[in-house]
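1. with the input below, show me the fold.
(3 chains)
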Amino acid sequence: MAAKKVKELPYTLPEEFHVFGFSSDLLAWYDSQKRDLPWRINRDPYRVWVSEIMLQQTRVETVKPYYANFMEKFPTLGALAEAPEDEVLKAWEGLGYYSRARNLQAAAREVQARYGGIVPDTPEEIATLKGVGPYTAGAILSIAYEKPEPAVDGNVMRVFSRLLYLTDDIAKPATRIKIEHLVRQVIPAGRAGDFNQALMELGAMVCVPRSPQCLTCPVFDYCISRQEGVQEDLPIKGKAKPPRPVHLQVAVIMREGQVLINKRPETGLLAGMWEFPMVETDVSSPSAKQDILANGLYDRFAVEIEVLEPLGEVQHTFSHLHWSMQVWSCDWIAGNDLPPNAKFVSVDELDTYTFPMAHHKIREIMQQKSDLS
DNA sequence: AATCCGTGGGG
DNA sequence: TCCCCAAGGAT
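-> Sure, this is the predicted structure:
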């Protein structure tokens, strides 16, 4: 029987880590230097959960005000489960990755229905919740329940890449698996939550992406890449593809002081968010953009409009897309049989709907125009 | 495995 | 200005 060949070295930590107490040294630093953050007030699983979802791909300073507002509006798991989805999206407006909010509420409802309102404390159960992946599962299990599970995020991958001089590409999924194996070997009994947070805190405060502060690092003595002088060259990370350009014509359609908006589909980009009607145009298309816009909106919303004048151009970049939006002021001509995802609302009422940042920029264009007139 | 999914800050 | 990238997950 041919045993599967496994590389021993990369999955096993140097003996010094155990002999000299890497985990103890890191924890001692964390105990004295950790930041006071709102989600560290207690270990309520719901509070930890919300913080971990908000912190996905999002900076601590950005999260702070959103977290405070969210916990005020939805103080308990039950409150979140019972809230209208639109209110949850509104509380997330501007944070990005809006599926996080929709998944979080869906998962809260799942916990209410299936687990009696108690966030599950096993890897198998918690991993089934929407929006809870390997990192978040480990974070909740360790921080809220003190389970010895790794929570490997970008910080931890950077820290371990430098500590052990790992040259694996941290953009590849396999690298996270490997580092989870390594972290698992040094999680101290009874302090899994603090240890995982200490690794992330180190990555955020000391072992930062550029110009790491090695002279103040509590685990300086363990760091192989520093001994080799290559800490600035780690971690290895493949480059992302540049955003794909998309050209859009946006219609600000007025009718008796009201403007037409529509709700985006429940899946995909900016799912469930409101927007001003728009149509994608091919750069090489010979047709006038005004005509493409009018025809496109007639097909989608059964409205006839007159395109009046250009209001300006708005640029907005996502991770994988770059929107170039030409904004047009339009008059409604005919068509009252709007599809259910579209409606005319007064300009004063717009704040009650949730718009992505790209469309907030369009609102600014509108505002400037109305200030002139 | 590769792609989709937002936004803002810092060098 | 441009580019990186930040307590990732779903498909």
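2. which outside residues touch stretch A:56-70?
-> Stretch A:56-70 has contacts (CB atoms under 8 Å, 6 or more residues apart in numbering) with A:35, A:37-39, A:50-51, A:54-55, A:91-92, A:94-97, A:100, A:135-136, A:204. The C-beta positions use only the backbone N, C-alpha and C, and glycine is treated the same way.
3. and stretch A:283-293, by the same measure?
-> Identification of contacts with stretch A:283-293 by CB under 8 Å, 6+ apart yields A:247, A:249, A:251, A:278-279, A:281, A:305, A:307, A:326, A:328, A:330.
4. buried ones in that stretch?
-> A:289-290, A:292-293 (16 or more other CB atoms under 10 Å).
5. same check, this time on stretch A:240-257
-> For stretch A:240-257, a neighbour-count test (16+ other CB under 10 Å) marks A:247-255 as buried.
6. hang on, the earlier thing: could I get the buried residues of stretch A:283-293 as JSON lines with pLDDT?
-> Shown next, in JSON lines, are those (pLDDT from 0 to 100):
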{"residue": "A:289", "pLDDT": "96"}
{"residue": "A:290", "pLDDT": "97"}
{"residue": "A:292", "pLDDT": "97"}
{"residue": "A:293", "pLDDT": "98"}
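7. which of the residues you listed sits closest to DNA strand C?
-> residue A:289 (23.7 Å; CB to the nearest atom of the strand).
8. how close does that closest one sit to residue A:22?
-> 61 Å (CB to CB, to the nearest Å).
9. looking at the stretch 51-200 of chain A, which residue is nearest DNA strand C?
-> For the stretch 51-200 of chain A, CB to the nearest atom of the strand, closest residue to DNA strand C: residue A:133, 2.5 Å.
10. list the contacts of that residue.
-> So residue A:133 contacts residue A:127 (CB under 8 Å, 6+ apart).
11. gap between it and residue A:153?
-> Taken as CB to CB, the span from residue A:133 to residue A:153 is 10 Å.
12. kindly report the same for residue A:235.
-> Counting by CB to CB - residue A:235 and residue A:153 are separated by 12 Å.
13. likewise residue A:87?
-> With distances taken as CB to CB, residue A:87 is found 29 Å from residue A:153.
14. looking at these two, which has the bigger crowd around it?
-> Ranked by neighbour count (other CB atoms under 10 Å), residue A:87 and residue A:153 place residue A:153 first, with 23 against 14.
15. test my guess that that one contacts residue A:135.
-> Yes. Here residue A:153 lies in contact with residue A:135, judged by CB atoms under 8 Å, at a distance of 5.2 Å.
16. what parts of chain A come near DNA strand C?
-> Residues of chain A lying near DNA strand C by CB under 7 Å from any atom of the strand: A:37, A:39-40, A:51-52, A:55-60, A:97, A:99, A:103, A:130-137, A:139, A:153-155, A:158, A:197, A:200-201, A:203-204, A:209, A:237, A:239-240, A:242, A:319.
17. please spell out the PyMOL selection for the buried subset of the residues you listed.
-> Filtering the residues of chain A next to DNA strand C down to the buried ones (16+ other CB under 10 Å) takes a single PyMOL command:
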select buried, chain A and resi 39+51+52+55+56+99+103+131+132+134+135+136+137+139+153+154+155+158+197+200+201+203+204+237
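18. the residues of chain A next to DNA strand C: which ones sit near DNA strand B?
-> Checking the residues of chain A next to DNA strand C against DNA strand B (CB under 7 Å from any atom of the strand), the matches are A:57-59, A:97, A:99, A:319.
19. in strands, which of those appear?
-> Per DSSP state E, strands hold no members of these.
20. out of those residues, what pair is the most spread apart?
-> Spanning the widest gap among those are A:59 and A:99, at 19.0 Å by CB to CB.
21. coming back round to it: tell me the phi and psi of the residue of the stretch 51-200 of chain A closest to DNA strand C?
-> When read as degrees, to the nearest 10, the backbone of residue A:133 gives phi -100, psi -170.
22. now the one 4 residues further on
-> Backbone torsions of residue A:137, given as degrees, to the nearest 10, read phi -60, psi -50.
23. among the buried residues of stretch A:283-293, which pair sits farthest apart?
-> Taking CB to CB, the two most distant members of these are A:290 and A:292; they sit 7.4 Å apart.
24. residue of the stretch 51-200 of chain A nearest DNA strand B, please.
-> Closest contact between the stretch 51-200 of chain A and DNA strand B, by CB to the nearest atom of the strand, is at residue A:96 (2.7 Å).
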